[in-house]
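Chemist: sharing a model that was predicted from the sequence below.
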Amino acid sequence: QFPRECVTPQVLRSATCCPSPTGLANDECGVRTGRGRCMPVVVDWRPHGPQYPHDGRDDRERWPLRFFNRTCQCNTKFSGYNCGRCRYGFTGVNCDQRISVVRRNIMQMSPEEKRAFVNALDRAKRTVHPDLVICTRRYQELFGLDGNTVQCENITVYNFFVWTHYYSVGKTYMGPGQQSFGGVDFSHEGPGFLTWHRFHLLQLERDIQDMLGNPTFALPYWNFAIGGNECDICTDELLGARSSFDMDSISSNSVFSQWRVICEDVEEYEMQGTICNSTEGGPIRRNPGGNVARPMVQKLPENQDVIDCLELNNFDTPPYYSTSTWSFRNTIEGYSTPQGKYDPVVRSLHNLAHLFLNGTGGQTHVSPNDPIFVLLHSFTDAIFDEWLRRHRPGAVFYPKENAPIGHNWLYNMVPFWPPVTNAEMFVSAPDSLGYTYEVQWPTRPYTVSEIITIAIVVVVLVVMVVGGVTSCFVRVYGSREGLEPLLGEHYRHYSEDDHKFHYAA
Ligand SMILES: O=C(O)c1cc2cc(O)c(O)cc2[nH]1
Ligand SMILES: [Cu+2]
């Protein structure tokens, strides 16, 4: 969540995190090379919804002010915690060359591409993040007893991806012996769900590009809307088949059977007021479609569900929560029927895909430990991008205030660094973020009333055309007989002399 340079006691106490771009000494935020400047952090001050009634209890309020109040603000072409890189969609030394990557259906990739993706994930699970570290104590307890140490540590690129998700969903610690407060979620059950997960993926994609030294690397997606109770990507070539010995485990032929999860011990974090660290625990659990206790989540979403949710016109609706009705966001997130009606017992689309996995991937505090999370969210993001393309909403569609805490338009998404707002991710990905999805969106079949309307229009058109042709036909051919006597008038005249018609030659 914070750059390694910024988690020393002195820098934390200064509340200023403005490092120099790598290689340039004493040039905070690249100010001398015109890249950026060290500026006060801007946070959202508008009211949030009633779900979180506390104030000052949680380090994530007005993120990231509890930790830093000055950060790098980069000029348009640059980005990053020290303005050392190009903004999304641009590359080159001067960041003026456009670049775009294509996210594709993992089922349609070649065997080599599939292998390269699996290898990239596995390498990310083992590679220490080059510039970001995690802090594993609340601010109050962040500094060691001597005041000269800070409880922050290294973490691998993939585990960092898991950790940021965990940090965004955790409960608020209310003090020793007290129940933690669960009415918060900085990345789900609100309009920020789509923008938050979009940035989450973008950050992982970038980190993997950097790790591989390959700026064309793109995350693939899993089209989970295939119905039925089979997980088509759960093969040893892709995300791991089911183990033949244990219904809940991944086959030992898959590298993912070797992965170990982090952030398992939520009860401990909630009781002690601690924060998950980079320590790995048990293996990934997964039993696709096997939740016997909950038959509702034994089947994946249907293709029609995607078609239906894309028709919703409102991005989100009051109270901008998991109870919203006719909200595109709440529907794709999966708390409504695919047609948009809120129903507390329903789980659809994104939520259904999570719960279908029935294991690590179905519990919010640990779900990204199962790498299916990446593909599931990449498809969710593809649907979001298609909705943006079809509806071309003005910013007015996204609530500026009264969304649950963390979800207002200008709230800095927790716990990303440098600060990035929901607003910045509410844009067309191909136009502004440097990636596109290769998807064939299914078109909705016509409804009965549409078929009737089309039939009526066709009949009317046919009648008009036939009528028109017939009348022309009659005029051209039928009038020959009618006109001939008239034309003949010029060639004949009536003679009073002999009381006869005389015809001209
Ligand atoms: O119960 C749900 O609806 C549910 C579980 C779950 C897990 C997860 O990681 C999510 O991102 C969402 C989610 N919803
Ligand atoms: Cu999710």
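Modeler: Structure's in. What do you need? Ligands and ions are numbered 1, 2, ... in the order given.
Chemist: rest of the way, CA atoms for contacts and neighbours
Modeler: OK.
Chemist: got the contact list for whatever residue of the stretch 301-450 of the chain ends up closest to ligand 1?
Modeler: When scored by C-alpha to the nearest ligand atom, the stretch 301-450 of the chain has Thr364 as its residue closest to ligand 1, at 3.5 Å. Contacts here follow C-alpha atoms under 8 Å, 6 or more residues apart in numbering; on that basis Thr364 touches Tyr166, Val169.
Chemist: got a pLDDT number for it?
Modeler: Looking at Thr364, its pLDDT stands at 96.
Chemist: three-state assignment of it?
Modeler: Under DSSP: H, G, I helix; E, B strand; the rest coil, the three-state class of Thr364 is coil.
Chemist: the spatially most central residue of the chain is in what secondary structure piece?
Modeler: The C-alpha lying nearest the average C-alpha coordinate of the chain belongs to Asp381 (C-alpha atoms, centre = their mean; 2.9 Å). Taking DSSP states H and E as the criterion, Asp381 maps to helix 372-391.
Chemist: what does Trp63 give?
Modeler: Element membership of Trp63 [criterion: DSSP H and E] is none; it lies in no helix or strand.
Chemist: that one against Trp417, yeah?
Modeler: No - between Trp63 and Trp417 there is no contact, the gap being 9.9 Å when judged by C-alpha atoms under 8 Å.
Chemist: looking at those two, which one has more neighbours?
Modeler: Neighbour totals were compared for Trp63 and Trp417, and Trp63 leads with 25 against 17 (other C-alpha atoms under 10 Å).
Chemist: how many residues are close by the residue in the stretch 51-200 of the chain that ligand 1 sits nearest to?
Modeler: Nearest residue of the stretch 51-200 of the chain to ligand 1: His188, at 7.0 Å (C-alpha to the nearest ligand atom). Neighbouring residues of His188 were enumerated by other C-alpha under 10 Å; the total is 22.
Chemist: SS state for it?
Modeler: Under the three-state scheme (three-state DSSP), the conformation of His188 reads as coil.
Chemist: list the contacts for the residue nearest to the centre of the chain?
Modeler: By C-alpha under 8 Å, 6+ apart, the residues touching Asp381 are Leu194, His197, Arg198.
Chemist: can you add neighbour count and pLDDT and give these back as JSON lines?
Modeler: Converted to JSON lines, the contacts of Asp381 look like this (neighbours: other C-alpha atoms under 10 Å; pLDDT from 0 to 100):
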{"residue": "Leu194", "neighbour count": "26", "pLDDT": "98"}
{"residue": "His197", "neighbour count": "21", "pLDDT": "98"}
{"residue": "Arg198", "neighbour count": "22", "pLDDT": "98"}
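Chemist: so which of those are also by ligand 1?
Modeler: When C-alpha under 6 Å from any ligand atom is taken as the criterion, no member of the contacts of Asp381 contacts ligand 1.
Chemist: out of these, which comes closest to Thr164?
Modeler: Within those, distances to Thr164 taken as C-alpha to C-alpha reach their minimum at His197, with 10.6 Å.
Chemist: thought that closest one was touching His377?
Modeler: Yes - counting by C-alpha under 8 Å, a contact exists between His197 and His377, whose distance comes to 7.1 Å.
Chemist: common neighbours of the two, please.
Modeler: Between them, His197 and His377 share no contacting residue under C-alpha under 8 Å, 6+ apart.
Chemist: just the strands from this structure, written as ranges.
Modeler: Read by DSSP state E, the chain holds these strands, from start to end of the chain: 2-3, 16-17, 36-40, 70-74, 78-79, 85-86, 90-91, 97-98, 101-103, 132-135, 152-153, 435-437, 492-495, 500-503.
Chemist: how far does the third one sit from the chain's center?
Modeler: Strand 36-40 sits 29 Å away from the centroid of its parent chain (C-alpha atoms, centre = their mean, to the nearest Å).
Chemist: cool, and the first one?
Modeler: The chain centroid and the centroid of strand 2-3 are separated by 24 Å under C-alpha atoms, centre = their mean.
Chemist: swap in the fifth one?
Modeler: Averaging C-alpha positions (C-alpha atoms, centre = their mean) puts strand 78-79 22 Å from its chain's average.
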